[in-house]
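1. Pasting the sequence and the predicted model now:
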Amino acid sequence: MGSKKPKSKRTFNQKFRYKNLELYATPVMLSGLIITVLITFAVYNRVNYQDRRSLNFTAHEIQQQLIARLEAHALMLRAGIAYFALSDTVTRTDWREYVAHARIDRYLPDVQGIGYSMIVPGSQLEQHTSRVREEGFNGYSVLPDYARELYTSIVFVEPFTGRNRQAIGYDMLTEPVRREAMEFARDYDVATLSGRIRLERDTNGEELYGSLMFVPHYETERPLNTIGQRHEAIRGWLYSPYRLNTLMRDIFSLTNEGSNIRLQIYDEVLSDSTLLYDSYGIGSDYLMRFGYDEHLLPVNFNENRWILQFFRPRSFPILTLISLIVGIIISVLLYLLTIVFSKIAIRAQQIRANNKELKNLNATKDKFFSIIAHDLKSPYNAVLGFSDILFSHAENMDRQEIKRLSEIIRHSSESAVELLSNLMVWSQSQTGRIEYMPEKLNIADLINEVASLFVDLARQKDIVIESKLPMETFVFADREMVNTVLRNLITNAIKFTYPGGIVTVSAVKQGQELIVSVADTGIGIPEENIRDLFRIDKNYTTAGTKKEKGTGLGLILCREFVERHGGKIWVESKTTPSSESGSIFSFTLPAASV
């Protein structure tokens, strides 16, 4: 009877210990919710970062396309000036044939036309008017019709149709915006853009604006070194009018197809009075429901400066919502898992106390729980992996693809629920799998990385961790599995080493294998217990030199992971009460070529 009392007391203590696990259920759930909030915040920031990066890329692409188009237009007008320089008299027919052969309508389809405005001194106005009328323009006159010393007149414009035909005879120097651009082009011999000009014709009621590019035409072989010399040599201007909505239509559609970017173009400064173009329509009050990202870029063309202002509305944060929901589900599952584990563990202890034949089954059950703990990472990895695909490539996916990936994420969450159900049928032993992913690893780097995690722990017992590692030694192994083996062995070494002792981690290559050893100067292990260290049906545990507790599961996992690599693990130990006491745990890994 007396021999049964310790057993009853031990059973009660074990039951009480597992019962206490229920106290950790709520903290576990709260920790999971806190981690969920942090991950959700990180996902939200990552998605916003990707959106801003995409907007910046598209904005720079549009900027470069617009600059290239303006440079092409300037080159086109410069080519026209060169054509005028070849002859003192360019007729209307010559100009029409030149524009037709240049195929400007094909290569620069956004050009509204190319015209020539010539200077007409006031003393030669009647002679000029008569000459143009003789060419077939009976009602021709220079407009507006009031006396002045100097006139300009649009005499050539192609294509000679529609609103271009109506421009013949117009004196652009009489309009302040055009005059400013013409005089600047004349003074500095550069292609110059005019300021904002409101369009009155063919707008279908819209508020549309345009601009004109001017290139000066000087008399041939006249000096052009100073502004005064250019004033004397000026004969006229080649110009090209632009409708901003037409100019931007091709550029914006090429770079922004299928997106919802809003582009506004301003002349010099951001102001309603300088707004040239709005891709949503000038005066639009479109509301961006979830906020927007903004990006500003300049377009510098000679002395002209346009400002491009880009907006992209933020979409509904579906990926962030998915992360939040999945995190809450997993946190609740962890809470239920802790409760169920506690109840099942108590029941298992009762069964073990009443029936010795169930000891091996219970040991297998304990191992199953440990594998469940590892496999619980799989739903997290699936959710994070496919979530990463979603927020990295969502903008290139169609709705069907997004739905498919969302379904995978949902199934991963259901997988976590299935793990909870499996705990209730734990008799199905070892149904979990741990993925084996070997790679080429520098064993010295990995050992030093793991050892550094335990420096503070060792310092608390005045223990020194030493490394005796060869340089540039590689193995072909699973990083996480080897990491787990090293962490368990180094933790045990510190646990069972006396204060002031030494823990030594070493590695030596032997043929096609690498032998890694963790040695301590601790209490050692009795020889009769060594054979039980790596057995699942034996639960050999002992307290450390400072009464540290252990579970015995760590060495079982070490053996399983080492054998997964085709290696073996063993221990040599001495319990002699001298400086030679201690244990050496060694295991092998397949070596890899340098």
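-> Noted; the coordinates are in hand.
2. Tell me which residues touch residue 260, please.
-> If you count contacts by CB atoms under 8 Å, 6 or more residues apart in numbering, residue 260 has them with 312, 313. The way it works is simple: take the backbone N, C-alpha and C, and place the C-beta from them, glycine included.
3. what about it, which helix or strand?
-> Here residue 260, judged by DSSP states H and E, is contained in no helix and no strand.
4. Ok, the one 4 residues further on next?
-> Secondary structure assigned from DSSP H and E places residue 264 in strand 262-267.
5. Which secondary structure elements does that strand sit against?
-> Using 3 or more CB pairs under 8 Å, 6 or more residues apart in numbering; DSSP states H and E, the elements in contact with strand 262-267 are helix 244-256, strand 275-278, strand 304-313.
6. let's see it at 7 Å
-> Here strand 262-267 touches strand 275-278, strand 304-313, going by 3 or more CB pairs under 7 Å, 6 or more residues apart in numbering; DSSP states H and E.
7. Tell me which residues are up against it.
-> Residues outside strand 262-267 that contact it (CB atoms under 7 Å, 6 or more residues apart in numbering) are 62, 195-196, 244, 252, 274-280, 306-311.
8. one step back: pick the most deeply packed of the helices and strands packed on strand 262-267.
-> strand 275-278 (a mean of 22; mean count of other CB atoms under 10 Å).
9. tell me the mean pLDDT for the next helix or strand after it?
-> Using DSSP H and E, the next helix or strand after strand 275-278 towards the C-terminus is strand 292-301. In this model, strand 292-301 carries a mean pLDDT of 90.
10. circling back to that earlier point, quick check: which of the helices and strands packed on strand 262-267 is nearest to residue 505?
-> Among those, strand 304-313 comes nearest to residue 505, with 53.2 Å by CB to CB.
11. coming back round to it: can you list the strands that the strand holding residue 264 pairs with?
-> Sheet partners assigned to strand 262-267 using DSSP bridges are listed as strand 275-278 (antiparallel), strand 304-313 (antiparallel).
12. and the angle from that strand to strand 292-301?
-> Between strand 262-267 and strand 292-301, the angle comes out at 40 degrees (axes from the mean of the first three to the mean of the last three CA atoms, to 10 degrees).
13. could I have strand 262-267 exported to PDB, CA atoms only?
-> Extracted C-alpha coordinates of strand 262-267, given in PDB (Å, rounded to 0.1, in the frame of the first residue of the first chain):
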ATOM      1  CA  ARG A 262      -5.800  60.600 -62.700                       C
ATOM      2  CA  LEU A 263      -3.400  63.000 -64.400                       C
ATOM      3  CA  GLN A 264      -3.500  66.800 -64.300                       C
ATOM      4  CA  ILE A 265      -1.100  69.100 -66.200                       C
ATOM      5  CA  TYR A 266      -0.400  72.600 -65.000                       C
ATOM      6  CA  ASP A 267       1.600  75.400 -66.700                       C
END
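14. Quick one: distance of that strand to the chain centre.
-> With CA atoms, centre = their mean, to the nearest Å as the basis, strand 262-267 stands 27 Å off its chain's centre.
15. ok, how many other residues are close to residue 96?
-> Residue 96 has 15 neighbours, counted by other CB atoms under 10 Å.
16. correct me, but it touches residue 158?
-> Yes: shown here, residue 96 and residue 158 form a contact pair, counting by CB atoms under 7 Å, at 5.7 Å.
17. now the helices and strands packed on strand 262-267 in CSV, with mean pLDDT and distance to residue 441?
-> Output for the helices and strands packed on strand 262-267, formatted as CSV (pLDDT from 0 to 100; distance: least, CB to CB, whole Å):
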stretch, mean pLDDT, distance to residue 441
strand 275-278, 89, 57
strand 304-313, 90, 43
